[in-house]
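Peer 1: Model the structure of this input:
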Amino acid sequence: MSLTTAQVKKIAKLARIRLSDEEVVRYGQEISSIFNWIEMLQEVNTDKVPQMSSVSSIGLSLRPDVVTDGNKQADILKNAPKSAFGCFEVPKVVE
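Peer 2: Numbers count the residues shown, from 1 in each chain. Here you go, the predicted structure:
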C-alpha cells in the first residue's frame, strides 16, 4: 500500500505534527513500508494458533491479602509540626 502526500499530510495534521515537504516524502515511504509489512503478516495462517495474553508462562507472585495498620503512627507523627490524640493538628481555617 502506497500513501499519497495528501494522506501523509492528513496523518500529520491529525497528529498535530508540522512536516516539511521532504519529511512528508520520507515519512510517507516509512509508513508505506510499515503497511506493506502488516499486509505480509496478514497472509500468515493463524487459525489453529491459540490466543495468548503473554509470551511467557511465568505466573505472578502473589502475597497474602492481609489487612494491617502498619504500626507506623508514631513514626509518621514525628514529621508533623503539631500532633494531638495521635492525629495531625492543623490550624483552623474556617471561621
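
Peer 1: Go ahead and name everything in contact with the lengthiest helix in the chain.
Peer 2: Assignment by DSSP state H gives helix 21-42 as the longest helix of the chain. With contacts defined as CB atoms under 8 Å, 6 or more residues apart in numbering, helix 21-42 is touched by 1-5, 7-9, 11-12, 19. Any C-beta I mention is one placed from the backbone N, CA and C, and that applies to glycine too.

Peer 1: Give me the helix or strand of this protein that scores worst on average pLDDT.
Peer 2: One helix or strand of the chain scores below all others by mean pLDDT, DSSP states H and E: helix 73-77, with a mean of 89.

Peer 1: Narrow the contacts of helix 21-42 to those in helices?
Peer 2: Using DSSP H, the members of those that fall within helices are 5, 7-9, 11-12.

Peer 1: now those in a markdown table, with distance to Val94 and pLDDT?
Peer 2: What follows is those, written out as a markdown table (distance: CB to CB, whole Å; pLDDT from 0 to 100):
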| residue | distance to Val94 | pLDDT |
| --- | --- | --- |
| Thr5 | 63 | 92 |
| Gln7 | 59 | 94 |
| Val8 | 58 | 94 |
| Lys9 | 57 | 95 |
| Ile11 | 54 | 94 |
| Ala12 | 53 | 94 |
